[in-house]
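I need the structure of the sequence given here:
(chains A and B)
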Amino acid sequence: EAGVAQSPRYKIIEKRQSVAFWCNPISGHATLYWYQQILGQGPKLLIQFQNNGVVDDSQLPKDRFSAERLKGVDSTLKIQPAKLEDSAVYLCASSARTGDNSPLHFGNGTRLTVT
Amino acid sequence: SQKIEQNSEALNIQEGKTATLTCNYTNYSPAYLQWYRQDPGRGPVFLLLIRENEKEKRKERLKVTFDTTLKQSLFHITASQPADSATYLCAWGGYNKLIFGAGTRLAVHP
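The predicted structure follows:
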């Protein structure tokens, strides 16, 4: 099966600019996650979708971050305006189901550098 | 809040030896723990899952144990190879959440 696709692979922007990341999950996977991984840390959940509905966005900085999953398939994550501390790898993951210990399948992430 | 603690120091071992990585958690026992491998520049890859009512799980050269009394999981790689060098992440699962530790970097030397 094809894996989780993410683009772009790298992005460099200046602070206060905006940026968007795209994710295409594994076909048929109902649950989609966006994680932020700062260098030297583990992935931190930003938002979790079940089909096109939000299950958990409690750690999403909603004043600057937004995400959508149209038609329950692809998803975009946007940051506007970016801050220096947003420099991180943004990982998208999908799983067949939610809440029942299904393993997560991760993409290779987008490395964001904010200068 | 729930915390997952993994040894932040890199683990260096000789090829052929058994690598043992530790994952400790605070507060609530998880419904399950998952272990992932992450290579530089790549996303994590799922390796093993162990549920709260299981003591041990094996897959080829990998073994995971779970001790709810100690609030600890141990991850073992037997007959380690240089190709096993990577960062290994422990993830606490429960209440529809999956919370990751910071990972432990393993380096296997020939």
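
Within the helices and strands, which one has the closest residue to residue B:16 other than its chain neighbours?
When the adjacent residues along the chain are set aside, residue B:16 lies closest to residue B:79, with 6.0 Å between them (C-beta to C-beta, 6 or more residues apart in numbering or on different chains). For the C-beta atoms, the positions are set from N, CA and C on the backbone; glycine is no exception. Counting by DSSP states H and E, no helix or strand carries residue B:79.

mind checking which helix or strand of chain A has the lowest mean pLDDT?
Least confident helix or strand of chain A, by mean pLDDT, DSSP states H and E, is strand A:53-56 with a mean of 92.

Contacts (any at all) between chain B and that strand?
Yes. Strand A:53-56 is in contact with chain B by C-beta under 8 Å from any C-beta of the partner chain, via A:55-56.

Just checking: what are the partner strands of that strand?
With DSSP bridges as the test, strand A:53-56 is paired with strand A:44-50 (antiparallel).

Tell me the buried residues in the strand it pairs with?
With burial defined by 16 or more other C-beta atoms under 10 Å in any protein chain shown, the residues of strand A:44-50 counted as buried are A:45-50.

same question, stretch A:4-15
Buried-residue list, stretch A:4-15, by 16+ other C-beta under 10 Å: A:4, A:6, A:11, A:13.

ok, and what's touching the one helix or strand the third one maps to?
Applying DSSP H and E as the criterion places residue A:11 in strand A:10-13. Taking C-beta atoms under 8 Å, 6 or more residues apart in numbering or on different chains as the criterion, the residues outside strand A:10-13 that touch it are A:19, A:21, A:82, A:110-115.

Okay, and which of those map to strands?
Members of these lying in strands (criterion: DSSP state E): A:19, A:21, A:110-114.

which one among those residues gets closest to chain B?
The closest of the ones in strands among the contacts of strand A:10-13 to chain B turns out to be residue A:111 (C-beta to the nearest C-beta; 8.1 Å).

my guess is that closest one meets residue A:6, correct?
No. Using C-beta atoms under 8 Å as the test, residue A:111 is too far from residue A:6 to be in contact (10.4 Å).

By mean pLDDT, which helix or strand of chain B comes out lowest?
Of chain B's SSEs (mean pLDDT, DSSP H and E), minimum confidence goes to strand B:97-100, a mean of 90.

right, and the helix or strand after that strand?
By DSSP H and E, the next helix or strand past strand B:97-100 is strand B:104-109.

Note down every partner strand of that next one and its orientation.
With DSSP bridges as the test, strand B:104-109 is paired with strand B:11-14 (parallel), strand B:86-94 (antiparallel).

who touches the longest one?
For strand B:86-94, the external contacting residues (C-beta under 8 Å, 6+ apart) are A:42-43, A:101, B:2, B:4, B:6, B:21, B:23, B:25, B:28-39, B:44, B:47, B:73, B:75, B:98-106.
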